[in-house]
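**Student:** Could you look at this predicted model? Sequence included:
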Amino acid sequence: MHRPRLLILDEPTAGVDVELRSEIWRVVKGLNPAGTTVLLTRLPHSRLRSSGGTPILEEAETLCDEIALLRAGRIVDRGSAPSLRAVVLAAGGCAFQSKTLGCDVNTGDGALLSGMEFSSAYAIAPKGASLTKTAYYSWATFYRADGSVLEGAASKGGRSVIARTLLTEPVYARFDKATPDEQLAMRRGQPNTFLVFDRLGIDPFTDPFEITLLAEGTVRGTGGVRIAGQDCSTDVPGLYAAGDTATREPICGGFTGGGSHNAAWAASSGSWAGRGAATFAAGRGRPGRAVRPVGTAGLRPTGAVNVGHREVVTAVQREVLPYDRNYLRHADRPEPALRSLHETWSAVREGLGASGEALFRAREAAAMVAHGRWMYHAALQRTESRGMHKRADRPVQDPAQHHRLLTGGLDEVWSRPEAVQRQTVASGGRVA
């Protein structure tokens, strides 16, 4: 191989694992000092995040001295990464690495948040599996281990009965309410629902199978980064949010799910946020000041590194995944869980750090701690049951709390009602 004067690489890290990506970065960074000009290309449809979870913008900042934006083959803007940047948060919600389908690598990073009390979504799944497609459980009957029907249990309106029973004994399900014609239609409608059953040799229409509940947090919940404008802008200039990262309160209030609202919101908010971010970036001009990193937790500890990201994740999961703490909420359960998470946060601020690829995992763990604290703090502030936020000690809805709760803060978490005048909706259903 010779040393070319110009090397063009088309999405060199697309689809590779984190170790190979790091090696590619190392090689590319070594070529330029040796006299080779490297041109990296990204197509407009490229994903916002590469396979290892690292933002594409980070790759540009790490490898490139200059970035150019092209439209129809012409350069429409150029400069350094900070001078062209507007950011769209689209990394998904936070399910605390519960192994729920599609939720394992999502984090809880955010800015000013709203609706964090509506983060107690749990989905039915076959025990030992991550398949949380729950539509067909409407055709299910739920049973105890002795074969008797579990009265009151249902996918809709009876999931808390399942949760309470699972605390002491196993629960089984069977899609025995489906007619033969419905069974055929169900297999055609959602074939991936049956992959797990077929591999295990289970006919879910005739065989009882053991189930569990998996936490889905804000992936199937409602809370997330507060949307402040019709273009999905947030309260931070230049920062936009889309999909599960953003709160869905403006479109569905305190209850949502995996399909319908969330699917429509993902497509719509992605379009609006992308357009808003592009407009912001094009109109901001060139910043006259240097850009400096401000992140601390998980990145720049205040003391010696003495905490690992795995133990932090374990500590968070211990407080947020159990049904009796997060789903079957009662003040005497979230309160000690929140105190424990505050202690974990202090340990994270002082001693969680890493280098290389582990740095991403450390930051993710820190974000999960922050998310758990925001979630429980808002849940304790809303002293009623509303939407998917159910409190056993406050079982009825309080008309005086017909407002959204804003939540924020890192070292000191806070929650407060949002001013009513900021909760209007413009024509077309978009946030005003």
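**Tutor:** All right, it came through fine.

**Student:** only C-alpha atoms for contact and neighbour calcs from this point on.
**Tutor:** Fine.

**Student:** Distance of residue 198 relative to residue 205?
**Tutor:** Distance of residue 198 to residue 205, computed by C-alpha to C-alpha, to the nearest Å: 12 Å.

**Student:** Comparing those two, which residue is more hemmed in?
**Tutor:** Counted by other C-alpha atoms under 10 Å, residue 198 and residue 205 do not tie: residue 205 has more neighbours, with 18 against 12.

**Student:** Looks like the more buried one contacts residue 180 (just checking).
**Tutor:** No: counting by C-alpha atoms under 8 Å, residue 205 does not reach residue 180; the two are 9.4 Å apart.

**Student:** same for the longest strand seen in the chain, what does it pack against?
**Tutor:** Using DSSP state E to define each element, the chain has its longest strand at strand 209-216. Here strand 209-216 touches strand 121-126, strand 171-174, going by 3 or more C-alpha pairs under 8 Å, 6 or more residues apart in numbering; DSSP states H and E.

**Student:** Pull the residues that contact the helix or strand following that strand.
**Tutor:** Downstream of strand 209-216, the first helix or strand assigned by DSSP states H and E is helix 217-220. Identification of contacts with helix 217-220 by C-alpha atoms under 8 Å, 6 or more residues apart in numbering yields 92-96, 103, 116, 118-122, 224, 244-245, 256-258, 262.

**Student:** and if you look at stretch 144-159?
**Tutor:** Taking C-alpha under 8 Å, 6+ apart as the rule, stretch 144-159 contacts 124, 134, 137-138, 140-143, 160-162, 169-172.

**Student:** Quick check: end-to-end length of it?
**Tutor:** Stretch 144-159: ends 14 Å apart by C-alpha to C-alpha.

**Student:** Now do the SS call for the residue nearest to residue 63 when sequence neighbours are not counted.
**Tutor:** In space, and not counting its chain neighbours, residue 63 is closest to residue 29: 6.2 Å by C-alpha to C-alpha, 6 or more residues apart in numbering. At residue 29, secondary structure determined by DSSP: H, G, I helix; E, B strand; the rest coil is helix.

**Student:** For residue 65, see how far away residue 29 is.
**Tutor:** Separation of residue 29 from residue 65 (C-alpha to C-alpha): 11 Å.

**Student:** repeat for residue 113
**Tutor:** According to C-alpha to C-alpha, residue 113 and residue 65 sit 34 Å apart.

**Student:** more crowded one of these two?
**Tutor:** Per other C-alpha under 10 Å, whichever of residue 113 and residue 65 has more neighbours is residue 113, with 25 against 10.

**Student:** Show me what that one bridges to in the sheet.
**Tutor:** As for beta bridges, residue 113 partners with residue 225, residue 407 under DSSP bridges.

**Student:** For residue 414, see how far away it is.
**Tutor:** Taking C-alpha to C-alpha as the measure, residue 113 falls 11 Å from residue 414.

**Student:** shared neighbours of the two, which are they?
**Tutor:** Common neighbours of residue 113 and residue 414, counting by C-alpha under 8 Å, 6+ apart, are 407, 408.

**Student:** what ranges of this protein fall below the confidence cut-off?
**Tutor:** Residues of the chain meeting the criterion pLDDT under 70: 1-2, 14-19, 42-62, 69-74, 76-84, 102-111, 257-259, 285-293, 420-432.

**Student:** Report how many residues lie close to residue 295.
**Tutor:** So residue 295, with other C-alpha under 10 Å, has 10 neighbours.

**Student:** How is the most centrally placed residue in the chain classified with respect to secondary structure?
**Tutor:** Geometric centre of the chain, nearest residue: residue 93, 1.4 Å, by C-alpha atoms, centre = their mean. With three-state DSSP as the basis, residue 93 sits in coil.

**Student:** Then the one 3 residues further on?
**Tutor:** Residue 96 carries the three-state label coil when classified by three-state DSSP.

**Student:** for the one 3 residues further on, same thing?
**Tutor:** Using three-state DSSP, the structure places residue 99 in coil.

**Student:** what does residue 199 give?
**Tutor:** Under three-state DSSP, residue 199 comes out as helix.

**Student:** Quickly note the distance from it to residue 172.
**Tutor:** Residue 199 sits 18 Å away from residue 172, going by C-alpha to C-alpha.

**Student:** do residue 147 as well
**Tutor:** Counting by C-alpha to C-alpha - residue 147 and residue 172 are separated by 9 Å.

**Student:** Of those two, give the one with the bigger neighbour count.
**Tutor:** residue 172 (23 against 11).

**Student:** what's around the closest residue to the more buried one other than its chain neighbours, how many residues?
**Tutor:** Nearest in space to residue 172, with sequence neighbours left out and distances taken as C-alpha to C-alpha, 6+ apart, is residue 210 at 4.3 Å. Neighbour count of residue 210, defined by other C-alpha under 10 Å: 18.
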